[in-house]
Structures are given as C-alpha cells and as structure tokens.
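>>> Here you go, sequence then predicted model.
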Amino acid sequence: MEHIAREFLPKERHVREIQKESREIKTVSDYIDRVDRYILARGGENSVVVYRGEPKIYPFPCRPNIFRKGVMEGNPFFERSLFNAMRQSNLTGEKRYLDNAIDAQHGEFPSRLLDVTYNCLTALYFAVTPYYREKEDSKDGEAGMVFLFFVDDIFSPSARNTNDNYDAIINRDKPWFNGRKIFQKNHKFIDHIKLNSRIIAQQGAFILFQGDEAEDLPAYMTYGIRIPPSAKPRLRHELKQMFGIHTGSIYPEIINLVEDISQKSRRLNTRDFTWENELAYGMDRLEKELEYYLDYAVDQHRNGGENTDQILLEIEKIINSYRVGIVEFVREFPLEDRTQLAAGMKGILERYQSIVHEFADELVRYGIGSVSLKSLEITL
C-alpha cells in the first residue's frame, strides 16, 4: 500500500487524466482549478469535502501529533491524566473529554484529533506557511501538500454517540472496543467549527483517530495536491492580497448558519455507540475501500496491467486486516455476553463474506485476476 500510495496517489476516476493535463501549481487560480476538478471527478457523490495543508511532504502525512510523540507508550491513561491536569490549571473546563481534547489540541498538547478545514484556501495557507513560531519562509525549500478528504458521515460534537465514543477511548472501560484493531479503521469526522476563535478563524473541524496506533486514512477518501517550493512566496502573497489570509488574519463570525446547519443535519450519523454499529461502520469502510481498489485495478489493467500482481497482493492485505480484526474481536469478547455476540455477529459476518465475494467476482469479470478467498473467509 505504501509503495502504491506514494507513487500513484491521487488515484480515482478521471484523476489520472486530470494529472496528465494539469500544469504545476503556481498561482491561487491554478490551485482552485485543481480543487474544482478533483471535486468534479467525484461527480454525483454526496460527500462533504474538507481540507488539510502541510508545509512539507512527511513520510507519514495526516497523522495526529499524539502518534508522533510516543507519549502513550506504557501509559494507556495518558490522555485522561492530561485532561485532569489541564482542568486543575484552568486550561480547560470541567466539561466533556471531547471538549478538553479540543482545548488540548489548540494548546499544543498531544492529541488524537487531526485538524482539517472546510476552506480550501485556509488549507493552502498551511501548505505554504509553517507554524507561526517559525519564520514565514523557513520551509520555502520544500514542497508542501494540500489534502482533500471526501467524508461520508458527520459526527456532531454535542451528540451522545460521539461523546460516548470519545469517553470509551479515554476511559478504556468498554472491553469490546478498546485495543481492537478493527475499530482503528473507523476514522470519525467531527464537525466542530464554532468552539473557539481559532476554530472560527480556520473554519475548522477534526478527524478522530480511535486506536492506540495511527491507522492511515483510507485512500478512497483522499486526494493530494503538491505545492512546489518555488510557488510558496507568490501563493502567500496572493492569499494575503486577494483573500486577506495571513498569520495575523481576523476572520468575521458567520452569522447566518441556518442553511449550513440544515444541510449538515441531513448527514449526521446518530447511530448509538455500540459494538454492533461500530462493526457495521467498519464494514462500510471495507466496502468503500474495495470499490476504490476495484476502480484502480481496472484502470491499471486497461493500461497494460504491469502492477496487477502487486495490486492484488496489497488488496489481499487490506481485506485480511479486516478479517484479522473481526476474528480478534470475537475471540476477546467478554464471556458473559456470548449469547449477545452470536446474535449480533451473524449479520456482520454475512455482510463481510458478501462484500469479499462480490469483489472477487468483479475481479474475475474484468479479467484482472483473483484473490485467495479461502484464506480471506471467516469461520468462527
């Protein structure tokens, strides 16, 4: 996956053609055109688009800082201790852990939340400008990146399911959930744009990473735009002169939220935080991932198929990671709840088998090849 992603991302319908005919980003106009064309390439998909800018190309991009600092190694309750210490120091209020986490994120403490923005120009600013404590041009010798994420579900920061979810991560009090690798794949997009002045200014939101290790965001939802080093000074100038976006910017509050909130409410995920719904959410991810890789494999096959064997191996690894996660979940489920487990798992297993078999049939139908169904099936 790492090799394919590094060499071929972004890969989606029509994106290879966009890349071939698109010139290097030199101006804000070039950048907006590229963003627009990526959105059009997803034509007909009812997704929310958010963005993230990074001032250099990292080996592992789009990772929350808690996974880069090693602070949780040997200390599973680090976050809860951090929030309690922040409360004692009046750096956050006596409120929900999720609110504490957002205060921690913007207080430069370790966090499992990844900052994103609804504004593609704000993301471009972060791609051409390092953190404000560094000199503005200190990373002008390196290419930056803007990432586009096409999000399926929105989780409200005030909803019970979102807070139950986050509390389970911090308290580690749900045996069916904590430490389960299958749930690391369930990245949650949390709509949170009005909590403090910084979030308002950046039109910000977050992506929650649930596990003790960072699971990469799935490729099907991610696009990337490379910002050349030579373009950074001009892009900073244009952002400031044309759009008033710069380090000292003050953004006005948005006073008319009716339409915005009405649209988002149609996509809010309000399913209860239960192990059945978490597994179902994981199956949604698997289905999306395989749709993405089928499209990619078909494209490669039609263009000569030089990487077909490697692609099939990578696909098997992805499917197997879900299989292993489900098997581990069932094996370690509390003994006293086995009756409930048997009833709830029947539909999940049937859906998993159906997704994998349908995908395998599609590979054969397109003449691409086959995956090892026997090793990918789940028998409990």
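Perfect, thanks for sending it.
>>> which stretches of the stretch 251-380 of the chain form helices?
Across the stretch 251-380 of the chain, reading from the start of the chain, the helices by DSSP state H, counting those that start in this stretch fall at 258-265, 275-302, 308-331, 338-365, 373-376.
>>> can you tell me the average pLDDT over the last one?
Looking at helix 373-376 alone, the average pLDDT works out to 90.
>>> try the first one
Summarised as a single mean, pLDDT over helix 258-265 is 58.
>>> can I get the helices of the stretch 251-380 of the chain in TSV with distance to Glu54 and mean neighbour count?
All C-beta spots, glycine's among them, are computed from the backbone N, C-alpha and C. Putting these into TSV (distance: least, C-beta to C-beta, whole Å; neighbours: other C-beta atoms under 10 Å) gives the following:
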stretch	distance to Glu54	mean neighbour count
helix 258-265	26	10
helix 275-302	22	19
helix 308-331	24	17
helix 338-365	32	15
helix 373-376	35	12
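>>> any idea how far Ala343 is from the nearest residue to Pro218 once chain neighbours are set aside?
Excluding its sequence neighbours, the residue lying closest to Pro218 (C-beta to C-beta, 6 or more residues apart in numbering) is Glu289, at 5.3 Å. In this view, Glu289 and Ala343 are 27 Å apart by C-beta to C-beta, to the nearest Å.
>>> Check Ile169 too.
Between Ile169 and Ala343 the distance, using C-beta to C-beta, works out to 26 Å.
>>> and the helix or strand containing Gly53, how far from the chain's centre?
Assigned by DSSP states H and E, Gly53 belongs to strand 48-54. Centroid displacement of strand 48-54 relative to its chain, using C-alpha atoms, centre = their mean, to the nearest Å, is 10 Å.
>>> Nearest to Glu238 among the helices of the stretch 251-380 of the chain would be which one?
Of all these, helix 258-265 sits nearest to Glu238, with 26.6 Å by C-beta to C-beta.
>>> what does the model give Val330 for pLDDT?
So, for Val330, pLDDT stands at 90.
>>> repeat for Lys20
Value listed for Lys20 in the pLDDT field: 58.
>>> Ok, Pro252 next?
Reading off the confidence values, Pro252 has pLDDT 40.
>>> before we move on, the earlier item: do you know how far the residue nearest to Pro218 is from Ala297?
Distance check for Glu289 against Ala297: by C-beta to C-beta, it reads 12 Å.
>>> Point out where the stretch 201-350 of the chain drops to low pLDDT.
Within the stretch 201-350 of the chain, the stretches falling below the threshold (pLDDT under 70) are 201-202, 247-265, 305, 335.
>>> Recalculate using a threshold of 50.
250-259 (pLDDT under 50).
>>> how about the CA coordinates for stretch 352-360, as PDB?
What follows is stretch 352-360, C-alpha atoms only, in PDB (Å, rounded to 0.1, in the frame of the first residue of the first chain):
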ATOM      1  CA  TYR A 352     -18.300  -9.400   5.300                       C
ATOM      2  CA  GLN A 353     -18.500 -12.600   3.200                       C
ATOM      3  CA  SER A 354     -20.800 -10.900   0.700                       C
ATOM      4  CA  ILE A 355     -18.600  -7.900   0.200                       C
ATOM      5  CA  VAL A 356     -15.500 -10.000  -0.300                       C
ATOM      6  CA  HIS A 357     -17.200 -12.500  -2.600                       C
ATOM      7  CA  GLU A 358     -18.700  -9.800  -4.700                       C
ATOM      8  CA  PHE A 359     -15.400  -8.000  -5.000                       C
ATOM      9  CA  ALA A 360     -13.700 -11.300  -6.000                       C
END
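>>> now it: mean pLDDT?
In the prediction, stretch 352-360 has an average pLDDT of 95.
>>> Please state the offset of that stretch from the chain centre?
For stretch 352-360, the distance between its averaged C-alpha position and the chain's averaged C-alpha position is 24 Å (C-alpha atoms, centre = their mean).
>>> Please look at Val35 and Leu148 and confirm they touch.
Yes: with contacts counted by C-beta atoms under 8 Å, Val35 reaches Leu148, the gap being 6.8 Å.
>>> ok, and what's touching the strand holding Gly53?
39, 61-62, 114-120, 122-128, 144-151, 154, 189, 205, 264, 267 (C-beta atoms under 8 Å, 6 or more residues apart in numbering).
>>> Following element in sequence after that strand, please.
According to DSSP H and E, the helix or strand after strand 48-54 is helix 78-88.
>>> Just the buried residues of that next one, please?
Judged by neighbour count (16 or more other C-beta atoms under 10 Å), helix 78-88 contains these buried residues: 79-80, 82-83, 86.
>>> which parts of the helix or strand just after it are buried?
Per DSSP H and E, the first helix or strand lying C-terminal to helix 78-88 is helix 97-106. Buried positions in helix 97-106, judged by neighbour count with 16+ other C-beta under 10 Å: 97-106.
>>> average pLDDT across helix 97-106?
The predicted model gives helix 97-106 an average pLDDT of 85.
>>> just the helices in the stretch 101-250 of the chain please.
Taking DSSP H, counting those that start in this stretch, the helices of the stretch 101-250 of the chain run over residues 120-128, 160-171, 181-184, 197-202, 232-243.
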